[in-house]
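Novice: okay, predicted coordinates and the sequence, questions at the end:
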Amino acid sequence: MIHASFAGRLVMLGFGSIGQGVLPLILRHIDVPKDRITIVTAEARGHAVAAEYGIRFMVQAATPENYRDLLTPLLRKGDFLLNLSVDVSSVALMQLCRELDVLYLDTVVEPWLGGYTDPSLSPSARSNYAMRESALALRDAARGGPTSVTAHGANPGLVSHFVKQALLDIARDTGAPVASPPPASDRAAWARLAQRLGIKVIHIAERDTQVADRPKRPGEFVNTWSVDGFVGEGCQPAELGWGTHEKALPPDGRRHESGCDAAIYLLRPGASTRVRTWTPLEGPFHGFLITHNESISIADYYTVRNADGTVTYRPTAHYAYHPCDDAVLSVHELAGKNWHMQPEKRLMTDEIIRGMDELGVLLMGHEKGAYWYGSRLTIEQARGLVPHNNATSLQVTVAVLAGVIWAMENPRRGLVESDEIDHARILEICRPYLGEVVGVYSDWTPLQDRAALFPEDLDESDPWQFKNIRVV
């Protein structure tokens, strides 16, 4: 099915696993001539994939000094810049696209090289919260201009649409049906729905079980998606949207001094912070509390305020991620080296022999306890659906495709976050590529099966307190 026709030029900045995986989807579902697509990337890897599809391929890193001279000749009014790079400032690119009247999409608000780990910056200044605020600062100037979709991959991105569908399912199943889903622009209506249903906590709960035909070696970081991306966000402070039901900040928790105040951060990296969570196939497990944009944007989007601006409701929201087992070993080794990257990196692709990515949202605290809604995609399904993808990458690439199509269909929306996009349209495009999409209720709570082998400071009056969810 051709979802969109595009008369302009499409420039893909970055061509790692996501760029290589999304290219065949773009060519399959968007009517755009191949000679109007250009790939600009810092590394030669991926050249064979570009050549397979007959796409122009340029090897040139974008830097603070050259990005304008590099990209401006490739873009004119009405074109599209698809930013899938690392170490390139998303804010700088969005500003350039506004000046050139060019559409834009990225999967994360990215800083220039070193921004995640700059020791001269405070933990707050190098947080995803700060990066999101820097992007949102462009909103007024961007209003009415070319659409810039920020942070729209699988997560952040697809999971925000899962949250909306999960809320509608819970409303239906608890006898609080919604006459018709509010438009995404009516964030107050969606926030009131979450409040009415009693949602206290939202986890992006993900378990990756993909296994390769050869194990991780010492000195090697192995992952099913960008190693640089995972290490970068894993070394940032752990961050979470902070709900109104929470009784006390964690001892190492800190608030930010400016911005929307929807989130807090911890004085430790996300890759060393564990939380209890649940998915239908895995059951209970410990995940990493890795910082992600959606932890903040979801909490902010579902905030209810009084007329005077005081907050009356907000859910706690955060990522709870168990990567593939070789990636867990890689993180353990990375931590032991004081967060200095291993000399070798390996992205698991063709060597994967089995497994799936179980990615969804877990909404907790409502009348029926907990509800997980999401995608269960196996490696066999991913390979059968789209070349150059594994189960993890396809959940990202199809969400990128859907965001690009939405931007083409809505070209004058200015700066837009994932939560502000029509979830039904995105899921319509994505669903054929997500494997089994399911919603499952559970009676799991973080207090379940807590054997009294050692004394724990628990709040048994409210299982959904973060102190019960965090692993200490």
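Specialist: Arrived safely, thanks for sending.

Novice: so who does His161 touch?
Specialist: Shown in contact with His161 (C-beta atoms under 8 Å, 6 or more residues apart in numbering): Ser418, Ile421, His423, Ile426, Leu427, Cys430. Glycine gets a C-beta too; all of them are placed from N, C-alpha and C.

Novice: quick one: which of those is most hemmed in?
Specialist: Each of those was scored by neighbour count (other C-beta atoms under 10 Å); the top score is that of Ser418, with 29 neighbours.

Novice: for that one, report the pLDDT, please.
Specialist: Per-residue pLDDT puts Ser418 at 98.

Novice: list the residues that contact it.
Specialist: Contact analysis of Ser418 by C-beta under 8 Å, 6+ apart lists Val149, Ala151, His152, Pro156, Gly157, Leu158, Ser160, His161, Glu294, Ser297, Gly403.

Novice: repeat that for 10 Å
Specialist: For Ser418, the contacting residues are 107, 149-153, 155-161, 163, 184, 293-294, 297-298, 301, 399, 403, 426, by C-beta atoms under 10 Å, 6 or more residues apart in numbering.

Novice: same thing with Glu367?
Specialist: Ile170, Asp173, Thr174, Gly175, Ala176, Leu197, Gly198.

Novice: where do the domain boundaries of the chain fall?
Specialist: 4-150, 158-390+424-471 (automatic domain parsing).

Novice: and Pro411, which of those domains is closest to it?
Specialist: domain 4-150 (5.5 Å; C-beta to C-beta).

Novice: over to that closest one now: how far is its first residue from its last?
Specialist: 20 Å (C-alpha to C-alpha, to the nearest Å).

Novice: one more: stretch 171-183?
Specialist: The stretch stretch 171-183 measures 16 Å between its terminal residues, going by C-alpha to C-alpha.

Novice: name the residues of that stretch that come out as buried.
Specialist: Judged by neighbour count using 16 or more other C-beta atoms under 10 Å, the buried positions of stretch 171-183 are Ala171, Pro181, Pro182.

Novice: now for the lowest-mean-pLDDT helix or strand in the chain, which elements pack on it?
Specialist: The least trusted helix or strand in the chain, going by mean pLDDT, DSSP states H and E, turns out to be helix 227-234, with a mean of 93. Helix 227-234 is packed against helix 17-29, strand 220-223, strand 283-288, strand 316-322, helix 325-336, strand 344-347, with contacts defined by 3 or more C-beta pairs under 10 Å, 6 or more residues apart in numbering; DSSP states H and E.

Novice: surely Phe162 meets Arg431?
Specialist: No. The pair Phe162 and Arg431 does not pass the contact test of C-beta atoms under 10 Å, sitting 11.2 Å apart.

Novice: who has more neighbours out of the two?
Specialist: Neighbours around Phe162 and Arg431, counted as other C-beta under 10 Å, are more numerous at Phe162. The numbers are 30 against 13.

Novice: tell me the mean pLDDT for stretch 321-332?
Specialist: If you average the pLDDT values across stretch 321-332, you get 98.

Novice: cool, and stretch 189-206?
Specialist: In this model, stretch 189-206 has a mean pLDDT of 98.
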